[in-house]
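**Student:** Give me the fold of what follows.
(one chain, ligands or ions: 2)
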Amino acid sequence: MSISKALTIAGSDSGGGAGIQADLKTFQELNVYGMSAITAITAQNTLGVHGVFPLTADAVVQQIEAIGSDLGADAIKTGMLFNSEIIEAVSEQIKKFNWSRVIVDPVMIAKGGASLLQGEAVDAMKKHLLPLALIVTPNIPEAEVLTGMKIHNLDDRRTAAEVLHSLGVKNVVIKGGHAENENHLVDLLYDGTEFSYFSSERIETKNTHGTGCTFAAAITAEIAKGNTVYHSVETAVSFIQEAIKEDLELGQGHGPTNHWAYQQKKRRSLHVE
Ligand SMILES: Nc1ncnc2c1ncn2[C@@H]1O[C@H](COP(=O)(O)OP(=O)(O)OP(=O)(O)O)[C@@H](O)[C@H]1O
Ligand SMILES: Cc1ncc(CO)c(N)n1
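**Tutor:** Ligands and ions are numbered 1, 2, ... in the order given. Here you go, the predicted structure:
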């Protein structure tokens with residue numbers, strides 16, 4: 001049996017809702033074999049990040065080499081990279097293994113405000129990693145940091161997407177979770193020529209821990225299977241919507257989403273027909 005494989009290069013969330021854990025659960029649910037290279041360990045739960053313990057760039061490189069030299073990967077996702085040494089080392093590995101299906105989730109700040117990327121690392125991300133990316137998936141505050149512009153409306157978001165594209169990223173997805181006063185959330189995709197809009201109803205819940213990681217991981221899984229960028233984003237939007245709708249009500253703070261929900265819904269609809 002041949003199976004598609006995806007590698008996530010990201011931080012560990014001990015609470016299991018974001019980071020490496022969210023990525024591997026999402027890969028599994030979308031029938032993709034998941035592998036990981038951990039960049040940092042966080043002591044984290046639904047209430048916040050209580051400690052951050054970055055690994056050395058060498059430890060990250062050795063994990064990636066172990067995978068690249070043996071199993072290989074059909075798509076790569078990056079999440080929390082923490083500092084410029086790790087970003088540069090990861091970028092070198094991507095070039096070394098000639099990986100072109102690279103999805104960069106430019107993780108910067110956790111929901112409670114803890115920093116997951118040092119300020120000095122933003123330039124390294126723009127210079128070394130973004131030019132290697134097939135897709136970048138910033139939320140609105142991340143897009144503001146990467147472009148240096150303020151984003152107030154959809155017009156600003158389109159401009160920000162064009163600026164990010166000019167840095168060498170082939171496709172830009174600016175997520176709508178942080179847009180205020182909107183009953184509808186719009187995730188915007190720009191491929192360098194056309195804009196596409198994925199609209200969803202805003203779900204009222206405090207359980208949105210790891211939505212960004214899960215969304216980018218779902219895109220990565222679909223890309224690993226050889227799907228188009230448009231199809232992969234479309235599937236990821238459905239995946240995250242079901243995961244938020246059927247939240248698990250775990251923990252005392254911002255709980256995780258439900259990584260089983262998308263497949264459960266698919267199975268239910270097959271049963272009815
Ligand atoms: N309350 C909500 N209702 C419906 N969809 C949501 C909601 N919040 C986020 N989403 C969706 O979840 C995905 C992730 O968006 P968001 O902008 O929240 O990412 P993020 O800020 O990177 O997440 P994280 O908090 O994990 O860092 C997007 O597809 C977005 O539209
Ligand atoms: C390890 C890790 N990566 C990413 C995020 C962003 O949701 C988080 N909270 N923790």
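**Student:** Only C-alpha atoms from now on, for both contacts and neighbour counts.
**Tutor:** Noted.
**Student:** Tell me which helix or strand A37 sits in.
**Tutor:** Applying DSSP states H and E as the criterion places A37 in strand 33-45.
**Student:** Starting from the helix or strand following that strand, tell me which strands it pairs with and how they run.
**Tutor:** Per DSSP H and E, the first helix or strand lying C-terminal to strand 33-45 is strand 48-54. With DSSP bridges as the test, strand 48-54 is paired with strand 33-45 (antiparallel).
**Student:** C213 and V104: what is the separation?
**Tutor:** To V104, C213 is 10 Å away according to C-alpha to C-alpha, to the nearest Å.
**Student:** Touching both of the two, which residues are there?
**Tutor:** Shared contacts of C213 and V104 (C-alpha atoms under 8 Å, 6 or more residues apart in numbering): G79.
**Student:** Kindly report the residues of the stretch 51-200 of the chain close to ligand 2.
**Tutor:** Along the stretch 51-200 of the chain, the residues adjacent to ligand 2 under the rule C-alpha under 6 Å from any ligand atom are 80, 107, 110.
**Student:** so what's the second one scoring on pLDDT?
**Tutor:** Predicted confidence (pLDDT) for V107: 96.
**Student:** What mean pLDDT does the strand holding A37 get?
**Tutor:** Strand 33-45 shows a mean pLDDT of 98.
**Student:** ok, and what's touching it?
**Tutor:** 3-16, 20, 24, 27-28, 49-57, 60, 63-64, 67, 80-82, 86, 251.
**Student:** tell me which residues in stretch 138-158 are buried?
**Tutor:** The neighbour-count check on stretch 138-158 (16 or more other C-alpha atoms under 10 Å) flags 138-144, 146-147, 151, 157-158 as buried.
**Student:** Can you tell me which of these end up in helices?
**Tutor:** 140-144, 146-147, 157-158 (DSSP state H).
**Student:** So which of the residues you listed is the closest to ligand 2?
**Tutor:** E142 (11.5 Å; C-alpha to the nearest ligand atom).
**Student:** isn't the closest one right up against V104?
**Tutor:** No - applying C-alpha atoms under 8 Å as the test, E142 and V104 come out as separate, 11.9 Å apart.
**Student:** what residues does the chain put near ligand 1?
**Tutor:** Residues of the chain lying near ligand 1 by C-alpha under 6 Å from any ligand atom: 110-111, 139, 175-178, 185, 187, 201-204, 209-213, 215, 237, 240-241.
**Student:** Type out the PyMOL command that picks the buried ones from those residues.
**Tutor:** To isolate the buried members of those in PyMOL, using 16+ other C-alpha under 10 Å:
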select buried, resi 110+139+175+176+177+185+187+202+209+210+211+212+213+215+237+240+241
